[in-house]
Structures are given as C-alpha cells and as structure tokens.
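**Q** with the sequence up front, the predicted model follows.
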Amino acid sequence: MGDEWGHSDFGPESALERTVQVGQDLLDMDPEAVRKYSALHAKPDGLVLQYGTAGFRTKAERLDHVMFRMGLLAVLRSKQTKSTIGVMVTASHNPEEDNGVKLVDPLGEMLAPSWEEHATCLANAEERDVWRVLMDISEKAAVNLQQEAFVVIGRDTRPSSERLSQSVIDGVTVLGGQFHDYGLLTTPQLHYMVYCRNSSGRYGEATVDGYYQKLSTAFVELTKQAFCGGNEYRSLKVDCANGVGALKLREMEPYFSQGLSVQLFNDGTKGKLNHLCGADFVKSHQRPPQGMEMKSSERCCSFDGDADRIVYYYSDTDGHFHLIDGDKIATLISSFLKELLVEIGESLNIGVVQTAYANGSSTRYLEEVMKVPVYCTKTGVKHLHHKAQEFDVGVYFEANGHGTVLFSKAAEMKIKQLAKELEDKKRKAAQMLANVIDLFNQAAGDAISDMLVIEAILALKGLTVQEWDALYTDLPNRQLKVKVADRQVISTTDAERQAVTPPGLQEAINDLVKKYKLSRAFVRPSGTEDVVRVYAEADSQESADSLAHEVSLAVFQLAGGVGERPHPGF
Ligand code: 16G
Ligand code: MG
C-alpha cells in the first residue's frame, strides 16, 4: 500500500450490509484452531493446483480447501499491506460446474506475483503442513502478525459460490481477520470496493450504490449534449451470459436510464451460466449467443459470466454476423480520448496496450492511422494493466474484451483542474475527459463501465455500429487448441510471439507462416486450461484456417501431442 493514500481505515459500512466482527477468542492466531478448521476443509489427496492467470480454477467440488486457505492467505496479505484485501469467488466464463477464486490487492489490482507463489504453496500444502506454510509465508513476506486484517468478499451466481465463499470466511475468521461479505457482485465491482476502501473513500463510496452513483453520474453528465437531439442511440441489447451481470445491470438501470435503455437477454432466469452465450462464446465462435433476438443493424453486446469482459456485434441487412471485439473497442476509445487530449492542448501521453491476440489490422490502424504508440504484453490482465500504468492515459484491451483505461494521478489532477479553468471548447473537452475518468473502472476491466463508455462515445460522435465497425477490417483469423502431455514444454518470449522451446518449433512456425500472405501465427500454453493455444491470421479465412491447422500439427509433433492428431476442419 503506497503512502500516497495513507493508512486504510477499512472503509465505510452500510447498515444494510452484513459485517461480522469476529469474537475476541479468535483474534489471536491459534495453530490448534487453524488445524481443527483446516481439517473441516480437507484437501483431497494428491490434488495439485496452480494460482494461474486468473487465480485458481477447476471443478467446484475440488475447491473447498483452496477457498478456506485463500481466506487464510488474504488475512496475511492484509496484515502485510495494512490494507483491505479482496477475495472473489468466480470462474468467469467457465462452465457452471467450475468455480474459482482470486485475491485482489490494495489498489484493486491483481495479486502481486510473489504472493501468487505463496498462494500456490498454501493451496497444495498437506494438511499437517498448513500452519508451517502460513508461518513460512509470514516470515518470507515480513508479515506483522500483530497487525489487524480486513478482507472483503464477493461471489458470482454459480450454485457452488455461496458455499465456497463461506469457506473463505471460515479461513478469514480462524486467523482473526475481520471481513465484509458483499454477497453477489461482478468481479470488477469487487475490485472497485477494494480500491475505494483503501483510498479512504476518495476513489468512491465502497457500496454497490456508490458504484452505481459514481458511474451513472459520469455517464449522464457525459452524454447530456448528445441526447438532446433524439433517441436513436438510446437502446441496447445485452446478453448477460446468465450471470451476475444481469442482476447488477438490472439494479443499476434506473440510475442511468435517462441516457440509455438496456434490454437484457440471458438474464439467468432460464438458461445456464455461460452456456451457448456470453462474451467468450461469442468471441470464440464468432456467432450470436443463443436467446438473443437480433434484428438487422441493432447494436448488441455480451458480458461474460462475471461481467469483466464485453464484446459488441450486429447482424447486417444480409443477415451476416459482425463481431466488434476488444481491439475495436480499444480503437474507438483511444481515438475519442486522443481527440479530447489534442483539444485541451496539454502534452499528456497516451499509449495502447494489447497482446499477441490483437488482430494485425487493429495494431496497424492504431499505429499508422491514429499515430498512437502500441505495446504488446503477455496474455493476462495483470500484464496489460501494469504496462498501461506507464502512461498518462493508458488504454488496454485484450481482443477477448477485457480492458479499461488508466489515468495517472497527475493526469487526473491536471484534467480536473483544466475542467474548471479553461474556456469554451477546451473546457468542454476537459470536462468530458473528467467524466470519462470517473466512468472507467480504474481497478479492472469492467463490462458495465466499458458499455457505458462505448454508448456515450457512439452517441457523442453520432456513430452507428456499422460506422464503428468500418474503422478497419479485421484480418481473418483462427484459434485452435492442441492437447499435449505437458504444456509447459512450450516456453515463449517476445510477449508470447516466439516459442523458445521445444527446439525446432519456432523454425517450423516461421516456415509455415511464409507460405501465406499477411500471415502471422504463434503458440502458447494456456494459463487456464490444460491445452496449448494456437493463433493464426492471414489474408483469407481459408488461409488462416489452413495455417492454424498446420501449426497445430507442428505443435502436436514437436511438443508431445496426445490423443487424436489435429485434423483439418476442426
Ligand atoms: C484469464 C485472464 C485473461 C486472459 C485469459 C487467457 C484475467 C482476469 N483473466 O481469463 O486476461 O486473456 O485468462 O486464458 O487475468 P488462456 O491462458 O487460457 O488463454
Ligand atoms: Mg471474466
């Protein structure tokens, strides 16, 4: 926790929210109590799990011990940082039977890498070693055990989530930590709560109402000018993946409905979570979700199961489906921000951060047409987020729809000051930027917040969804998965764009890529599934498909493929 924000006071409490103060008898860390409770959340024999790209994720029935232990770990992390720590119970876009957990660090960001290692160690410790591992971590990380601890917890709508979040709470209380259970939240809402609490409320009020108020006020202010002329931009269809996003968007709608009306689909009342719907399904299958009534040229979007990703799409008059992914969202947002920055005439730098999955056309458009610098990082939000912090205005988006914009403290102060001082057009631009800062979730990519930003920009610029889509044409691409005995035999460099091992694989990929026009391909071990991912793009869909297939075969042969050989036609 930086001194910038000072010591956390653990934030405000609302009378409606459930806060539990643990009994005095548990305030001291007691090895016997930990042993006893740990046995009630016993680890299945031989189970080894890894704190992956987005925390632990597997079948819900295997996670009870991990939840309890992450409750323990959150207490240590809270003591060490003297701040509130978040624990989110969700498996995002995974099937309903899965679940997962991740910890949220003091400024609402992902857990620090050294603590990911501690998390893995603790999750895999044998029952008898749990206390010792806790003490080891405390020693290595110089945790002051006398310090108080406070943990906030959120969960998605999976049937298993309530019980699993109870196990987290058991872990927190047995180590004498205090907690606040927010119950159902989107993942980005939990990130927001953590940030608010550790900024003593300066970032916002740490309640769902505070979140709705902050974002909606900024949205309504921002779009005031745009909505006087008519209501053609005012309606949007939202596929909520049958997840928590539906509940939260419905709760929030009255706060912003004067600027936008949303029609919810897959709201959890009928279908199964993430089943044939949601942002991940739409992006990876490049087709509309089930259950969405799409009329030609209507603007539609999909959230994922925990509402931290968003993609847009529409169907044209010929019934063709058009996907507008995270890359095109980043382009729309960066061009809007760049215009406003030019207007206010301050030399605030802007940078766009992508991953290797970004469509080549988007990178080219950003660099050559918009003249903004583009950076590539490894897959996973923490990498993009970290890089984006280097700029006054750092835009980051993964092609899959996870992203946000970060404003440096200095840029935010400058912009908010200019919004008061400047005259006329410049002042208007600064005020718009000030509202945009409040509308973006500065802690994590957030489907609801991004949706409101996008809707505001489209309305202000008078852009239809087709005009937005026409900014550039995506290069045809294909993603495939290959099963191998041990995916760790593949190691990569250059932000995952080059394979270092196994020997010969990169050379094989290079030779294959040369056979096609405008082509590119890379492979990487997944951080969330036991597979190797293959990405290829080229000048036509046939070429992209064929290149992806050939690269899959190379992976299968050189990296120890198991099961059936990849066959063309997927
Ligand atoms: C997780 C990551 C996402 C990444 C994806 C890659 C977070 C919050 N989420 O969903 O950023 O794109 O994993 O999955 O970090 P993969 O490693 O299986 O391809
Ligand atoms: Mg998600």
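**A** All right, it came through fine. Remember, predicted model here, so these are calculated numbers, not experimental data. Numbers count the residues shown, from 1 in each chain. Ligands and ions are numbered 1, 2, ... in the order given.

**Q** so residue 405 is in which element?
**A** strand 403-407 (DSSP states H and E).

**Q** so residue 375, which state does it fall into?
**A** The three-state label given to residue 375 by DSSP: H, G, I helix; E, B strand; the rest coil is strand.

**Q** my guess is it meets residue 351, correct?
**A** Yes: when contacts are counted by CB atoms under 8 Å, residue 375 is listed as touching residue 351 (6.1 Å). In this view, the C-beta of every residue, glycine as well, is placed from N, C-alpha and C.

**Q** for residue 438, what are its contacts?
**A** By CB atoms under 8 Å, 6 or more residues apart in numbering, residue 438 lies in contact with 214, 215, 217, 218.

**Q** buried ones among these?
**A** Those of the contacts of residue 438 that meet the buried threshold are 214, 215, 218, by 16 or more other CB atoms under 10 Å.

**Q** check contacts around the nearest residue to residue 114 once chain neighbours are set aside.
**A** Leaving aside its sequence neighbours, residue 114 sits nearest to residue 141 (CB to CB, 6 or more residues apart in numbering; 7.4 Å). Counting by CB under 8 Å, 6+ apart, residue 141 touches 76, 80, 114, 115, 118.

**Q** quick one: residue 141 from ligand 1, how far?
**A** 22 Å (CB to the nearest ligand atom, to the nearest Å).

**Q** which parts of the protein sit against ligand 1?
**A** 53-54, 92, 379-381, 398, 400, 402, 526-529, 533 (CB under 6 Å from any ligand atom).

**Q** now do the shared contacts for residue 375 and residue 351.
**A** residue 387.

**Q** now do the helix or strand hosting residue 339 against strand 403-407, angle only.
**A** Under the criterion of DSSP H and E, residue 339 resides in helix 326-344. Orientation check (axes from the mean of the first three to the mean of the last three CA atoms, to 10 degrees): helix 326-344 against strand 403-407 gives 20 degrees.

**Q** what packs against the next helix or strand along the chain from helix 326-344?
**A** As assigned by DSSP H and E, the chain's next helix or strand after helix 326-344 is strand 350-355. Judged by 3 or more CB pairs under 8 Å, 6 or more residues apart in numbering; DSSP states H and E, strand 350-355 is in contact with helix 326-344, strand 374-377, helix 381-388, strand 393-397.

**Q** strand 350-355 to strand 393-397, inter-axis angle?
**A** Using the same axes, to 10 degrees: strand 350-355 against strand 393-397 is 20 degrees.

**Q** for this structure, which helix or strand comes out least confident on mean pLDDT?
**A** Within the chain, confidence by mean pLDDT, DSSP states H and E is lowest for strand 18-20 among all helices and strands, at a mean of 37.

**Q** for the helix or strand just after it, buried residues please.
**A** Scanning forward in sequence from strand 18-20 by DSSP H and E, the next helix or strand is helix 31-40. Buried residues in helix 31-40, counted by 16+ other CB under 10 Å: 33, 34, 37, 38.

**Q** ok, now which ones touch the second one?
**A** For residue 34, the contacting residues are 72, 130, 131, 134, 174, 175, by CB under 8 Å, 6+ apart.

**Q** which single one of the residues you listed is nearest to ligand 2?
**A** residue 72 (24.9 Å; CB to the ion).

**Q** which helices and strands does whichever strand or helix holds the closest one pack with?
**A** Using DSSP H and E, residue 72 sits within helix 64-81. On a contact count with 3+ CB pairs under 8 Å, 6+ apart, helix 64-81 meets helix 31-40, strand 84-89, strand 98-104, helix 113-124, helix 130-140, strand 150-155, helix 161-174.

**Q** low-confidence ranges in the stretch 251-400 of the chain?
**A** Filtered on pLDDT under 70, the stretch 251-400 of the chain yields no residues whatsoever.

**Q** show me where pLDDT drops low in the stretch 101-250 of the chain?
**A** 227-233.

**Q** coming back round to it: okay, and which of the contacts of residue 438 map to helices?
**A** In this view, the contacts of residue 438 that belong to helices under DSSP state H are 214, 215, 217, 218.

**Q** I'd like to know how far the residue lying closest to the third one once chain neighbours are set aside sits from residue 347.
**A** What that stands for is residue 217. In space, and not counting its chain neighbours, residue 217 is closest to residue 438: 7.3 Å by CB to CB, 6+ apart. Per CB to CB, to the nearest Å, residue 438 is found 23 Å from residue 347.

**Q** can you give me the pLDDT of the residue of the stretch 451-570 of the chain found nearest ligand 2?
**A** Ligand 2 sits closest to residue 528 of the stretch 451-570 of the chain, with a gap of 10.5 Å, by CB to the ion. Residue 528 carries a pLDDT value of 85.

**Q** isn't it right up against residue 56?
**A** No: the criterion here is CB under 8 Å, and residue 528 misses it with residue 56 at 10.3 Å.

**Q** of the two, give the one with the bigger neighbour count.
**A** residue 56 (23 against 19; other CB atoms under 10 Å).

**Q** before we move on, back to that, in CSV, list the ones in helices among the contacts of residue 438 along with distance to residue 234.
**A** Converted to CSV, those look like this (distance: CB to CB, whole Å):
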residue, distance to residue 234
214, 21
215, 17
217, 18
218, 17
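
**Q** what is the nearest of those residues to ligand 1?
**A** residue 215 (19.9 Å; CB to the nearest ligand atom).

**Q** if I look at the closest one, how far off is residue 356?
**A** Applying CB to CB, the value for residue 215 to residue 356 is 31 Å.

**Q** and what of residue 336?
**A** Taken as CB to CB, the span from residue 336 to residue 356 is 25 Å.

**Q** what about stretch 345-360, start to end distance?
**A** 31 Å (CA to CA, to the nearest Å).

**Q** excluding chain neighbours, what is closest to residue 291?
**A** residue 266 (4.9 Å).

**Q** thought the one you found was touching residue 278?
**A** Yes: between residue 266 and residue 278 a contact is recorded at 7.4 Å, counting by CB under 8 Å.

**Q** find residues that contact each of the two.
**A** Joint contacts of residue 266 and residue 278 (CB under 8 Å, 6+ apart) are 239, 241, 242, 289.

**Q** helix, strand or coil for the second one?
**A** Of the three states, residue 241 takes coil according to three-state DSSP.

**Q** and the closest residue in space to residue 253 that isn't next to it in sequence, what is it in contact with?
**A** With CB to CB, 6+ apart as the criterion, residue 253 has its nearest non-adjacent residue at 6.0 Å, and that residue is residue 262. If you count contacts by CB under 8 Å, 6+ apart, residue 262 has them with 235, 236, 237, 238, 249, 253.

**Q** pull out the buried members of those.
**A** 236, 237, 238, 249.

**Q** phi first, then psi, for the third one.
**A** In this entry, residue 238 is assigned phi and psi values of phi -120, psi 120 (degrees, to the nearest 10).

**Q** ok, it to ligand 2 distance?
**A** Residue 238 is 15 Å from ligand 2, where distance means CB to the ion, to the nearest Å.

**Q** residues contacting that residue?
**A** Neighbours of residue 238 in contact, by CB under 8 Å, 6+ apart: 245, 249, 262, 263, 264, 265, 300, 301, 302, 303, 451.

**Q** the first one too?
**A** Taking CB under 8 Å, 6+ apart as the contact definition, residue 236 lies against 260, 261, 262, 263, 299, 300, 301, 451, 455.

**Q** same check on the second one?
**A** Contacts for residue 237 (CB under 8 Å, 6+ apart) come out as 262, 263, 265, 292, 293, 294, 298, 299, 300, 301.
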